[in-house]
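no letters, just coordinates:
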């Protein structure tokens with residue numbers, strides 16, 4: 001039985017990265033797999049620098065399965081960054097299995113001859129490239145529509161910007177004051193490292209202005 005590492009990702013701190021966990025657990029159960037390790041983070045799929053994803057890759061051994069809900073959980077990356085990530089995955093010989101890519105499901109099986117495995121890997125690489133490109137285009141289209149909406153709202157004088165979760169920011173500050181590491185703070189508050197950084201920077205600016 002292959003060693004399965006499940007990756008869960010949400011784009012922002014306001015989204016629940018664990019939302020798809022039950023779907024992955026159901027898939028694993030139906031395919032007689034056991035998820036041995038979970039990795040979860042709130043980071044944009046358009047960013048290559050994702051601590052939990054790269055921790056998964058570092059932890060992985062050749063032949064391990066990287067299980068995701070959808071290919072866009074893994075990548076909304078630019079072509080260059082996607083090639084970089086693919087090289088990391090291939091270096092570790094990780095087999096990507098995505099619920100929205102049925103041809104990848106066979107990759108979770110340990111009972112395949114070398115020729116079949118090589119053919120399946122080639123097909124999945126092609127389909128992964130295609131789905132990653134579609135995910136990137138969807139991301140760019142949504143960003144463009146968002147920018148257009150903000151521009152119209154500014155013209156109308158109704159744009160107020162994104163609301164700050166003051167309660168969460170206060171909790172982050174409190175935990176940092178208690179000496180908790182950034183990783184522990186992120187775990188306790190379900191905030192991304194970028195959010196912790198914003199809190200730290202905001203406090204520095206406030207201290208300088210005082």
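Now that the structure is in, tell me what you want to look at. Predicted model, so just to flag it, every value in this text is computed and none were measured.

the lowest-mean-pLDDT helix or strand in the chain packs against which elements?
Within the chain, confidence by mean pLDDT, DSSP states H and E is lowest for helix 114-156 among all helices and strands, at a mean of 80. The contact analysis (3 or more Cβ pairs under 8 Å, 6 or more residues apart in numbering; DSSP states H and E) places helix 114-156 against helix 71-74, helix 79-91, strand 95-98. Just so you know, the C-beta spots here come from the backbone N, C-alpha and C atoms, and that holds for glycine as well.

among those, which is nearest residue 125?
Among the helices and strands packed on helix 114-156, the nearest to residue 125 by Cβ to Cβ is helix 79-91 (7.9 Å).

in the closest one, what counts as buried?
Along helix 79-91, these residues count as buried under the neighbour rule (16 or more other Cβ atoms under 10 Å): 81, 82, 85, 86, 89.

quick one: name whatever helix or strand follows the least confident helix or strand of the chain.
Sequence order places helix 166-177 as the next helix or strand after helix 114-156, per DSSP states H and E.

go through that following helix and flag the buried ones.
Neighbour counts over helix 166-177 (16+ other Cβ under 10 Å) mark 168, 169, 171, 172, 173, 175, 176 as buried.

can I get the helices and strands packed on helix 114-156 in TSV with mean pLDDT?
Converted to TSV, the helices and strands packed on helix 114-156 look like this (pLDDT from 0 to 100):
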stretch	mean pLDDT
helix 71-74	91
helix 79-91	93
strand 95-98	92
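
figure out which of these is closest to residue 135.
helix 71-74 (3.7 Å).

per-domain residue ranges of this protein.
4-136, 166-209 (automatic domain parsing).

deepest-packed of those domains, please.
Greatest average neighbour count among those goes to domain 4-136 (a mean of 17), per mean count of other Cβ atoms under 10 Å.

ends of that one, how far apart?
Domain 4-136 has an end-to-end distance of 26 Å (criterion: Cα to Cα, to the nearest Å).

state the pLDDT value of residue 43.
For residue 43, the pLDDT comes out at 88.

wait, a strand at residue 39?
Yes - residue state for residue 39 (DSSP: H, G, I helix; E, B strand; the rest coil) corresponds to a strand.
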